[in-house]
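Asker: sequence first, predicted coordinates after that:
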Amino acid sequence: MFTSIRWRIAVPYILLILLAMAGLAAYLSRLVRDTCLDSLESQLASEGQLIGDALPPSSTWNAMGEDLDALAGRYADLIDAQVAIIGVDGIVLGDSHQDRTRMGNQLPQPEIREALNSGQARSLRFSQEVGYDMMYVAVRVAEEGRVAGVVRVALPLRQVEADLTHLRGAVFSAALLATLGAVILALVIAESTARPVRELTEVVKRVTEGELGARLLPTTRDEVGTLTGAFNQMSDRLRGTIAKLVEERNRLTTVLDNMADGVVITDGRGRVRLINPAAGRLLGVAEEAALGRPFAQVARDHRIIGLWQQCYEQRREQFEPVEVSQRGLFLQAIVTPLQGAGPQASLVIFQDLTRVRRLETVRRDFISNISHELRTPLASLKALVETLRDGAMEDPPAARRFLNRMDVEVDALAQIVQELLELSRIESGQVPLRLASVSIDDVVTPSVERLRPQAARADLQLTVDLPPDLPPILADLERVQQVVTNLVHNAIKFTPAGGNVRVVGLQFEIADDGDVQSGSYRLNGTEARSMSAASAVSGGELPDMEPDLLSSGDWVAIAVEDTGVGIPAVDLPRIFERFYKADRARSGGGTGLGLAIAKHIVQAHDGRIWAQSVEGKGSTFYVAFPALTNC
């Protein structure tokens, strides 16, 4: 029997417990009783003090008679004890349980005498009135610095004994101490036996930490020796199995982590068991947060969840394009059931088709826009040709007028084709830039002077405000002049007669934290350092101040202001798209390619172009270039 670890440790352990409990029984019995009586005395004293404080003035006690008995009875019911109110002469003036007229003078009672002297006393004795042992606690009642009487609270000792039964739970604490001593003794006795167990445990820890070659030689013939031999055999088999699994897992992890498609695997209960980084990115959830959660909580899209549930119900592969509008994604979701892995086990693949969808949208919009631009001149040409064919050629003046009109439409078609070719060459980088240090005056003045006659014909005031100390910029003069000419031409075209067009030069510095440090020029009543309100830049809408999008350093900008029709807020973010025209601007003609060409020219110079506009009050276009401050 003692060759077993269990018996080597169990027998001394049981003997120690028996010895410890025998010694504790006598000690704890007395301790529990004394503790209980002291606690009960403190409780009764507190209750007696509260009753004494609540009593009416002592001058009324004699006159109250039975009312004082009733008062004592109410207090007794509240604290579940006997209450007596005794005068300083020892006469019982009120009692909750006995006839006070039959009770003798209480001064001989030890608790009464001691309470009158010291303020509080306790007594345990046999009560002749009730016929059993009682605990009496008397509390002196003081009134205006004098002793008014005594409040005595009593409990039967049999009730105290009942309370003692509940408090004997302290025995369990003593038993815990005995158990602790027994454990210590058992550890000493079992040391020689437990050493092989500890050694085996250390080897197991090394194996769990990845040291699969760790082994331990059996040193005993008991259960530990048998366990050691079995463990060595298990480690040999486990080592080979884990090596194969690690190799397979590494291959699978590499594939999943580098896949562009998102992959999610759910188990038979519909909880996510595997999710790759691409799926986490497409679904907007971290891998750690997704594992173990229901698929519906991870997908968070009713169409994806519905497709997954449909696969579960039909047990067939399901696929459907899903547009996640709140994240701007267009996904192809493919859900395949995993046979034999559970009713809701499935493989979910997400293919990100957002870029393809965007390219298709751009292609569709481009075809639609160019079709719109070509349809008008082509339709006009066809109508003119049919008119000439139907007899207008016999009328020379009308024929010349129709031919002139056809020449205008052909020029419009040629302009569209030419601007399309130029835009394509700029976008593809096939147009080399002849960069040189040029002044803002050389950029602005020729462009403005070329268009001044047109402004005069339109009854517009065209002004230029260029500070003399503006630094030069590194640019292709001809291309930058093309941008300014386009902006000024648009301002003239969309400003009613009597309006103003103003070209302003400004300089500012962007600090490393994005603040505008200098160059506070006023444009349309708005300082450059606080440009905001509905504004747009090539590529989208600006959230706040336009200069915040510029990198730190010195910048030179050209602003073209007008008091024209303005641009609706809904159209402002798209004005730099090719062929895009605001509804109000369409009546003014043009191909809709000018701003797109300007955008790409400015970006080729590492510059920025943006606009501010309030419909009906005018527009301001800004073109900013890095300044050559060292020139």
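Answerer: Good, I have the coordinates.

Asker: pLDDT wise, what is Ile492 at?
Answerer: At Ile492, the pLDDT value in this model is 91.

Asker: so what's it up against?
Answerer: Neighbouring residues of Ile492 by Cβ atoms under 8 Å, 6 or more residues apart in numbering: Leu451, Gln454, Ala455, Ala458, Leu460, Leu462, Val501, Asp562. All C-beta spots, glycine's among them, are computed from the backbone N, C-alpha and C.

Asker: apply 10 Å and report the result again.
Answerer: 451-452, 454-458, 460, 462, 499, 501, 560, 562, 564 (Cβ atoms under 10 Å, 6 or more residues apart in numbering).

Asker: need the max-distance pair from those residues.
Answerer: Farthest-apart pair in the contacts of Ile492 is Arg457 and Val560; separation 18.8 Å (Cβ to Cβ).

Asker: who has more neighbours, those two?
Answerer: A direct count of neighbours by other Cβ atoms under 10 Å for Arg457 and Val560 places Val560 higher, at 27 against 10.

Asker: what's the burial count for Gln344?
Answerer: 19.

Asker: do Arg239 as well
Answerer: 13.

Asker: likewise for Ser380?
Answerer: Neighbours around Ser380, by other Cβ under 10 Å: 15.

Asker: how about the residue nearest the centre of the chain, secondary structure?
Answerer: For the chain, the residue nearest the mean C-alpha position is Val285 (10.8 Å; Cα atoms, centre = their mean). With DSSP: H, G, I helix; E, B strand; the rest coil as the basis, Val285 sits in coil.

Asker: that older thread, can you tell me which of the contacts of Ile492 is closest to Val11?
Answerer: Val560 (102.1 Å).

Asker: partners of the helix or strand hosting the closest one, with directions?
Answerer: Val560 is located in strand 553-562, with elements delineated by DSSP states H and E. Note on strand 553-562: by DSSP bridges, its sheet partners are strand 500-510 (antiparallel), strand 618-626 (antiparallel).

Asker: if we can go back for a sec, any idea how many residues pack against the residue nearest to the residue nearest to the centre of the chain when sequence neighbours are not counted?
Answerer: Leaving out its chain neighbours, the residue that sits closest to Val285 by Cβ to Cβ, 6 or more residues apart in numbering is Val298, at 5.6 Å. Other residues lying near Val298 total 25 when counted by other Cβ under 10 Å.

Asker: and Val298, that's in a helix?
Answerer: Yes - assessed with three-state DSSP, Val298 lies in a helix.

Asker: check whether it really touches Leu274, as I assumed.
Answerer: No - counting by Cβ atoms under 10 Å, Leu274 is not a contact partner of Val298; they are 11.5 Å apart.

Asker: common neighbours of the two, please.
Answerer: Val264, Thr266, Ala290, Leu291.

Asker: just those residues: which are in strands?
Answerer: Judged by DSSP state E, the subset of the shared contacts of Val298 and Leu274 located in strands is Val264, Thr266.

Asker: ok, back up a step: show me what contacts the residue nearest to Val285?
Answerer: Shown in contact with Val298 (Cβ under 10 Å, 6+ apart): 264, 266, 271-272, 275, 279-280, 283-285, 289-292, 304-305, 348.

Asker: that one and Glu288, how far apart?
Answerer: 12 Å (Cβ to Cβ, to the nearest Å).

Asker: could you measure Leu353 against Val285, distance?
Answerer: For Leu353 relative to Val285 (Cβ to Cβ), the value is 20 Å.
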